[in-house]
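# pasting a predicted model and its sequence here:
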Amino acid sequence: MLSVPTLWTVFVINFLAVGLIWAYVAHSYPNLEAARFWTASCFTAAAGAVLAMLRLVAAGSLLPLLAGGVVMIFAACLAAMGVKRFYGKPVSWRATFLITGLSCAGLIFFIAVHDSLSMRVLVFSIGQSLPLAMTLKLLLSPQQGYVNPGARLAGVVAVLMIVIYAVRAAGNLFGVDFAFTDANLAHAVLTLALIFLSMAFNFGFVLMAMDRLRNEVADLALLDDLTGVGNRRQLLQRLSEECARSVRSGEPFSLLVIDLDGFKIINDTHGHAAGDACLQHFTLMAQTRLRAGDMLARTGGDEFCIMLPSSTLREGAMIARRVLEVCRADAEACVGSEIPIAVSIGVAQWTRETGAFPDRLIAAADHALYAAKKEGKNGYAVYDPAAPLVPEAKETPAAAHGLLA
């Protein structure tokens with residue numbers, strides 16, 4: 001039989017160790033706000049256990065148990081608040097203080113007014129279980145169509161902890177002695193189970209954080225750090241997905257390849273900082289002319305692509321005209337040292353010949369881009385393998401529309 005001081009010492013050491021881990025995580029990843037709540041929860045739980053252990057010294061007083069129980073309930077509330085912050089939900093200090101305050105009042109009542117061990121155990125069990133229960137929906141329900149494996153583990157552990165608290169409360173109500181400060185087998189089993197589950201609970205939080213950080217790193221690997229849009233890797237992934245979908249359904253989609261005209265001259269004349277500003281400005285302009293679901297990506301120095309899901313060649317040409325119009329209007333409004341931006345665009349559509357090979361579609365759009373540049377730049381051309389490349393007719397908008405009819 002393990003001694004009571006040994007059990008509670010292990011409890012304290014475990015929470016201190018996990019608290020140090022979370023403190024390091026919170027310091028290393030300041031944007032992970034949930035880590036700060038989980039750090040505070042671990043240290044608070046350790047403090048509560050230390051206070052409860054004083055009952056072994058002051059055997060005639062229940063004050064240490066009261067203080068320790070209230071502090072540990074507050075620690076459970078902090079853990080629940082961390083789960084809410086992890087999922088971007090607002091936290092309520094009012095609810096935390098309400099649960100803690102009501103639990104404290106209940107414990108005081110059943111110590112000072114009506115001395116009842118079974119009711120104290122019931123109040124403590126409810127105070128510990130309620131914050132855990134409040135996290136179950138977030139932990140076990142899919143968030144944005146995805147259930148975090150660590151969240152699932154934490155949710156299952158939370159359910160087991162609630163069951164243990166319920167068994168303990170029910171046992172004391174029916175005369176079974178489950179007092180945590182008594183050296184008996186029931187106490188040893190329950191305490192060891194809670195030590196194990198509390199470690200597993202925090203391990204679930206660690207897995208949640210690792211999964212979140214891994215996804216953030218993966219997202220960064222797919223974004224262009226200058227403009228914030230997708231990079232070539234993300235474009236190729238999306239193109240592969242769209243090609244595979246089109247192979248199955250036969251539904252076409254379109255791709256625009258865009259090149260900023262005279263970008264080398266801008267860099268040589270005005271400097272690379274001005275060139276970067278032009279790239280960022282073009283990104284913002286182009287995004288104002290895209291539809292929901294369209295994807296803009298920067299694939300090279302001054303090269304961009306726009307993928308248009310479920311779009312025909314005609315619809316791709318329409319988007320190309322929109323992008324050109326906003327760039328031309330912006331160039332006409334330039335004054336003083338402002339740098340006008342002109343672009344050339346090649347438009348291509350997925351066909352059965354493209355199959356599941358996105359490089360073929362990119363090559364077709366590139367071919368159209370070269371035709372647009374050959375016609376004097378600041379325009380677009382569409383790729384039609386059954387006919388010669390058709391550059392945009394710059395004389396009138398109506399003529400450009402007619403070439404696509």
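Happy to help now that I have it.
# when you work out contacts or count neighbours from here on, use the C-alpha atoms and nothing else.
OK.
# hang on, Leu107 packs against Leu66?
Yes - between Leu107 and Leu66 there is a contact under C-alpha atoms under 8 Å: 6.6 Å.
# when those two are compared, which one has more neighbours?
In this comparison of Leu107 against Leu66, neighbours counted by other C-alpha atoms under 10 Å, the higher total goes to Leu107 at 27 against 22.
# which non-adjacent residue is nearest that one?
For Leu107, the nearest residue in space outside its immediate sequence neighbours is Arg120; the separation is 5.5 Å by C-alpha to C-alpha, 6 or more residues apart in numbering.
# what about the nearest residue to Phe86 once chain neighbours are set aside, neighbour count?
The spatial neighbour of Phe86 that comes closest, neighbours along the chain excluded (C-alpha to C-alpha, 6+ apart), is Ala34 at 5.1 Å. Each residue near Ala34 was counted by other C-alpha under 10 Å, and the total is 24.
# secondary structure element holding Ala34?
In this structure, Ala34 sits in helix 33-57 according to DSSP states H and E.
# tell me the helix or strand right after that helix.
Past helix 33-57, further along toward the C-terminus, the next helix or strand under DSSP H and E is helix 63-86.
# need the pLDDT of the most centrally placed residue in the chain.
With distances taken as C-alpha atoms, centre = their mean, the residue of the chain nearest its centroid is Arg212 (5.8 Å). If you check Arg212, the pLDDT there is 88.
# same check on Leu65?
At Leu65, the model reports a pLDDT of 84.
# pLDDT of stretch 199-206, averaged?
Mean per-residue pLDDT for stretch 199-206: 93.
# can you check stretch 169-187 too?
66.
# gap between the two ends of it?
13 Å (C-alpha to C-alpha, to the nearest Å).
# where along the stretch 301-405 of the chain do the helices fall?
Chain-ordered helices for the stretch 301-405 of the chain, with DSSP state H, counting those that start in this stretch as the definition, fall at 313-332, 358-374, 397-402.
# could you pull out the strands for the stretch 151-300 of the chain?
Counting by DSSP state E, counting those that start in this stretch, one finds strands in the stretch 151-300 of the chain at the ranges 254-260, 295-298.
# Leu197: which of those is closest?
With C-alpha to C-alpha as the criterion, Leu197 lies closest to strand 295-298 of those, at 44.9 Å.
# could you dump that closest one to CSV, C-alpha only?
Provided in CSV are the C-alpha atoms of strand 295-298 (Å, rounded to 0.1, in the frame of the first residue of the first chain):
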residue,chain,number,x,y,z
MET,A,295,-6.7,30.9,-56.3
LEU,A,296,-4.0,33.5,-56.8
ALA,A,297,-0.4,32.3,-56.5
ARG,A,298,3.0,33.8,-57.0
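# tell me where the longest helix sits in this protein.
helix 185-221 (DSSP state H).
# got the buried residues for that one?
Across helix 185-221, burial judged by 16 or more other C-alpha atoms under 10 Å covers 187-188, 190-192, 194-195, 197-209, 211.
# and what of stretch 229-243?
By neighbour count with 16+ other C-alpha under 10 Å, stretch 229-243 contains the buried residues 229-236, 238-240, 242-243.
# now do that stretch: everything it contacts.
Under the criterion C-alpha atoms under 8 Å, 6 or more residues apart in numbering, residues 222-224, 253, 283, 295-300, 305, 307, 309, 350, 355-358 lie in contact with stretch 229-243.
# do stretch 197-205 as well
Outside stretch 197-205, the residues that touch it by C-alpha under 8 Å, 6+ apart are 14-15, 18, 149-154, 157-158, 160-161.
# now that stretch, how far from the centre of its chain.
Taking C-alpha atoms, centre = their mean, to the nearest Å, one finds stretch 197-205 lying 21 Å from the centre of the chain it belongs to.
# and stretch 258-268, by the same measure?
Relative to the chain's own centre, stretch 258-268 is displaced by 36 Å; criterion: C-alpha atoms, centre = their mean.
# and for stretch 152-165?
The answer for stretch 152-165 is 24 Å, by C-alpha atoms, centre = their mean.
# list the buried residues in it.
By neighbour count, with 16+ other C-alpha under 10 Å as the criterion, the buried positions of stretch 152-165 are Arg152, Leu153, Ala154, Gly155, Val156, Val157, Ala158, Val159, Met161, Ile162, Ile164, Tyr165.
# now the second one: closest residue in space, sequence neighbours ignored.
Spatial nearest neighbour of Leu153, chain neighbours left out: Gly204 (5.4 Å); criterion: C-alpha to C-alpha, 6+ apart.
# could you measure from the one you found over to Gln287?
When C-alpha to C-alpha is applied, the distance between Gly204 and Gln287 equals 39 Å.
# which residue packs closest to Pro142, ignoring adjacent ones?
The shortest distance from Pro142 to any non-neighbouring residue, by C-alpha to C-alpha, 6+ apart, is to Asn148 (7.8 Å).
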